[in-house]
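Enquirer: sequence and predicted structure below; questions after.
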Amino acid sequence: MLVKVYGSAVFGVEATTITVEVNVTSGIGYHLVGLPDNAVKESSYRITAALQNNNFKLPGKKIIINMAPADLRKEGSAYDLTFAIGILAASQQINADNISDYLIMGELSLDGSLQPIKGALPIAIQAKKEGYKGFILPEQNAREAAIVKDLEVYGIRNITQVTDFFDKGVALERTEINTRESFYNNLDNLDNDFSDVKGQESIKRCMEIAAAGGHNIILIGPPGAGKTMLAKRLPSILPPMTLQEALETTKIHSVAGKIRENVGLLAQRPFRSPHHTISDVALVGGGTYPQPGEISLAHNGVLFLDELPEFKRGVLEVMRQPLEDREVTISRAKFSVTYPSSFMLVASMNPSPGGYFNDPSAPVTSSPAEMQRYLSKVSGPLLDRIDIHIEVTPVPFDKLNEERKGENSIEIRKRVTAAREIQAKRYENHENIHYNAQMGPSLLRKCCKLDDASKNLLKTAMERLNLSARAYDRILKVSRTIADLEASEDICGNHIGEAIQYRSLDREGWFG
């Protein structure tokens with residue numbers, strides 16, 4: 001008897017429906033075709049044990065399973081439940097007349113219980129698009145799939161629940177969540193808050209400017225100055241995610257299997273902090289079967305690279321194109337996948353190998369030549385994509401000992417959001433440009449016009465501080481953001497003056 005059951009495969013962040021054709025006839029053998037990988041091929045052992053332990057059996061006949069389309073590579077263990085239900089239906093151990101109305105996915109344990117799968121959200125989106133009535137999957141993934149409206153989502157614990165549902169009509173408990181209510185209730189549940197940071201008022205101001213304009217930023221300072229603490233709090237002052245952004249972010253984390261059990265839509269912007277030993281493939285994505293990398297997992301959030309010069313130069317260089325294009329394409333001989341990667345880059349570094357800069361009382365000092373050699377590990381083209389360079393100095397004891405708390409993230413976020421709204425209106429007729437950091441040369445000339453006094457100030461600064469040519473555009477972009485934070489239509493001299501301070505690495509003789 002021939003039975004068709006439906007599953008799904010995920011490529012990039014999109015899903016493709018897979019038709020699993022199970023044919024049970026007279027003869028002997030178990031044949032699985034349709035470009036399955038090793039994990040799919042091993043499913044026969046898990047299915048055999050799971051059926052035996054739940055009072056079913058693998059029929060002693062010839063079983064042919066075809067996964068169509070046959071020229072598409074299938075990977076992972078999520079087809080176990082699809083195969084098992086297909087075999088039971090084809091061997092007439094259960095009656096499953098309405099099996100074609102449902103998408104069925106899940107990894108089987110030997111006792112018949114279900115393990116979570118990857119990519120539940122994009123699979124559910126595709127299932128709704130193609131008109132399936134429901135989606136049956138492990139209960140650990142049910143809230144994730146239930147984000148999709150008008151699709152019946154059933155989270156199950158054991159294969160017997162599925163067989164009873166099809167064979168005996170035993171109702172399954174549908175998983176339903178109010179996506180909007182759940183999302184908006186969690187928007188202000190911040191893990192880290194700027195009120196925890198003692199002192200560092202100038203750095204907080206700099207972080208606020210970076211968040212308001214979407215500018216990449218690098219923090220330079222000695223160990224213990226608070227660089228990591230400040231970076232971890234940056235997502236808390238970024239504008240709250242929109243539902244569309246949350247959906248994009250959740251899809252990527254779903255594909256990578258990074259969503260915690262029983263979690264639905266992600267409401268907080270991601271913060272990714274890879275170790276400096278990371279490979280280029282792990283950072284940008286790839287592998288034999290391409291998976292999203294850290295830059296895609298940071299989509300709509302923050303990518304923090306601590307101790308930037310310690311990263312391999314090749315690893316840093318592969319980020320240059322995604323920083324410009326806001327997406328990364330991974331190509332293979334037979335296919336290519338594209339992952340979105342629109343993130344804010346926050347980097348930190350010591351000013352020298354010893355970690356201390358021109359401090360005679362420091363335990364370890366470095367010569368200017370050593371410091372120059374250390375900083376040269378970071379390439380000019382990468383620094384060219386970082387708008388703000390700021391020096392972080394250690395916090396004095398008096399500030400550390402203060403009982404008074406600083407301004408909290410919610411208040412800072414309000415100002416940042418107001419500035420982003422100004423920018424959204426300014427660029428509403430420009431596709432793929434949403435904030436100041438994304439401006440090109442033509443928009444820069446149009447939106448960053450200076451009066452004579454501001455021009456003279458910028459000219460004097462560039463001549464006296466020996467600022468590099470690449471600093472010119474960055475200063476204009478940052479000054480535009482500072483003006484937006486003050487709701488000023490024009491860029492004034494004080495905006496230019498403040499922006500000039502944030503180009504430390506461009507100043508000739510910065511090493512003293």
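Expert: In hand now; what should we look at? Worth saying up front: this structure is predicted, and the values here are computed from it rather than measured.

Enquirer: CA only for contacts and neighbour counts going forward, please
Expert: Noted.

Enquirer: domains in this protein, by residue range?
Expert: Domain ranges of the chain: 2-177, 188-417, per automatic domain parsing.

Enquirer: centre-most residue in this protein?
Expert: Residue closest to the average C-alpha location in the chain (Cα atoms, centre = their mean): Leu297, at 2.3 Å.

Enquirer: ok, now how distant is that one from Lys62?
Expert: Note on Leu297: its distance to Lys62, by Cα to Cα, to the nearest Å, is 44 Å.

Enquirer: now do Gly131
Expert: 33 Å.

Enquirer: flag the shaky bits of this structure, pLDDT-wise.
Expert: For the chain, residues meeting the criterion pLDDT under 70 lie at 354-366, 506-512.

Enquirer: the longest strand in it is where?
Expert: strand 14-25 (DSSP state E).

Enquirer: that one packs against which elements?
Expert: Under the contact definition 3 or more Cα pairs under 8 Å, 6 or more residues apart in numbering; DSSP states H and E, strand 14-25 sits against strand 2-11, strand 62-68, helix 80-90, helix 120-129.

Enquirer: try it again at 10 Å.
Expert: Counting contacts by 3 or more Cα pairs under 10 Å, 6 or more residues apart in numbering; DSSP states H and E, strand 14-25 packs against strand 2-11, strand 29-33, strand 62-68, helix 80-90, strand 102-104, helix 120-129, helix 243-255, strand 336-340.

Enquirer: ok, then the element right after the second one?
Expert: Per DSSP states H and E, strand 29-33 leads on to helix 38-41 as the next helix or strand towards the C-terminus.

Enquirer: return that next one as PDB; C-alpha atoms alone will do.
Expert: What follows is helix 38-41, C-alpha atoms only, in PDB (Å, rounded to 0.1, in the frame of the first residue of the first chain):
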ATOM      1  CA  ASN A  38      23.500   9.800   7.400                       C
ATOM      2  CA  ALA A  39      21.300  11.100  10.200                       C
ATOM      3  CA  VAL A  40      18.200  10.400   8.000                       C
ATOM      4  CA  LYS A  41      19.500   6.900   7.000                       C
END
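
Enquirer: name the nearest residue to Gly27, sequence neighbours excluded.
Expert: Lys62 (4.6 Å; Cα to Cα, 6 or more residues apart in numbering).

Enquirer: no wait, Val284
Expert: Distances taken as Cα to Cα, 6+ apart place Gly293 nearest to Val284, at 4.6 Å, with adjacent residues excluded.

Enquirer: does that neighbour really touch Gly285, like I thought?
Expert: Yes - Gly293 lies in contact with Gly285 (Cα atoms under 10 Å); the separation is 3.6 Å.

Enquirer: right, and the residue nearest to the centre of the chain touches Val328 too?
Expert: No - taking contacts as Cα under 10 Å, Leu297 lies outside contact range of Val328: 11.8 Å.

Enquirer: shared neighbours, these two?
Expert: Shared contacts of Leu297 and Val328 (Cα atoms under 10 Å, 6 or more residues apart in numbering): 284-285, 339-342.

Enquirer: what's the one helix or strand Asp473 maps to packed up against?
Expert: Asp473 is part of helix 470-485 when elements are defined by DSSP H and E. Other helices and strands packing on helix 470-485, by 3+ Cα pairs under 10 Å, 6+ apart, are helix 201-213, helix 380-383, strand 388-391, helix 409-426, helix 441-447, helix 452-464, helix 493-501.

Enquirer: by how many degrees do it and helix 409-426 diverge?
Expert: Put simply, helix 470-485 runs at 110 degrees to helix 409-426, going by axes from the mean of the first three to the mean of the last three Cα atoms, to 10 degrees.

Enquirer: number of residues surrounding Ala333?
Expert: Ala333 sits with 5 neighbouring residues when counted by other Cα atoms under 10 Å.

Enquirer: can I assume it sits in a strand?
Expert: No - assigned with DSSP: H, G, I helix; E, B strand; the rest coil, Ala333 falls outside any strand and is coil.

Enquirer: intersection of neighbour lists for Gly293 and Gly285?
Expert: Counting by Cα under 10 Å, 6+ apart, the residues touching both Gly293 and Gly285 are 328, 339.

Enquirer: relative to Thr175, how far out is the residue nearest to Ser113 when sequence neighbours are not counted?
Expert: Nearest non-adjacent residue to Ser113, counting by Cα to Cα, 6+ apart: Asn158, 4.2 Å away. Distance, Asn158 to Thr175, using Cα to Cα: 16 Å.

Enquirer: the two: who's more crowded?
Expert: Asn158 (21 against 17).

Enquirer: so Leu345, which of the three states?
Expert: Put simply, Leu345 is strand when judged by three-state DSSP.

Enquirer: quick check on the shared contacts of Leu297 and Val328: which are buried?
Expert: Buried members of the shared contacts of Leu297 and Val328, counted by 16 or more other Cα atoms under 10 Å: 284-285, 339-342.

Enquirer: which one of these is nearest Arg205?
Expert: Nearest to Arg205 among these: Ser342, at 23.1 Å, using Cα to Cα.

Enquirer: burial count for Glu489?
Expert: Count around Glu489 with other Cα under 10 Å applied: 12.

Enquirer: give the contact list for it.
Expert: Shown in contact with Glu489 (Cα under 10 Å, 6+ apart): 422, 447-448, 480, 483.

Enquirer: what about 8 Å?
Expert: Ala483 (Cα atoms under 8 Å, 6 or more residues apart in numbering).

Enquirer: distance-wise, check it relative to Gln115.
Expert: Distance, Glu489 to Gln115, using Cα to Cα: 56 Å.

Enquirer: equivalent analysis for Gly199, please.
Expert: Applying Cα to Cα to Gly199 and Gln115 gives a distance of 48 Å.

Enquirer: swap in Arg73?
Expert: With Cα to Cα as the criterion, Arg73 and Gln115 are 22 Å apart.

Enquirer: more crowded one of the two?
Expert: Gln115 (19 against 15).

Enquirer: who touches the closest residue to the more buried one other than its chain neighbours in this structure?
Expert: Once flanking residues are discounted, Gln115 sits nearest to Glu107: 5.1 Å by Cα to Cα, 6+ apart. Contact partners of Glu107, counting by Cα under 8 Å, 6+ apart, are 77-81, 114-117.

Enquirer: again, 10 Å this time
Expert: Counting by Cα under 10 Å, 6+ apart, Glu107 makes contact with 43, 46-47, 76-82, 113-117, 137-138.

Enquirer: restricted to strands, list those.
Expert: Reading strands off the contacts of Glu107 with DSSP E, I get 114-115, 137-138.

Enquirer: which members of these are the farthest-apart pair?
Expert: Longest span within those, Cα to Cα: Gln115 and Leu137, 9.3 Å.

Enquirer: mind listing the shared neighbours of those two?
Expert: Shared contacts of Gln115 and Leu137 (Cα under 10 Å, 6+ apart): 78, 106-107, 156-157.

Enquirer: now those as TSV including secondary structure?
Expert: Formatted as TSV, those follow (three-state DSSP):
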residue	secondary structure
Ala78	coil
Gly106	coil
Glu107	strand
Ile156	strand
Arg157	coil
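
Enquirer: pick the one among those residues closest to Ile388.
Expert: Using Cα to Cα, those come closest to Ile388 at Ala78, 45.0 Å.

Enquirer: you'd agree the closest one is up against Met105?
Expert: Yes - taking Cα under 10 Å as the definition, Ala78 is a contact partner of Met105 at 5.6 Å.
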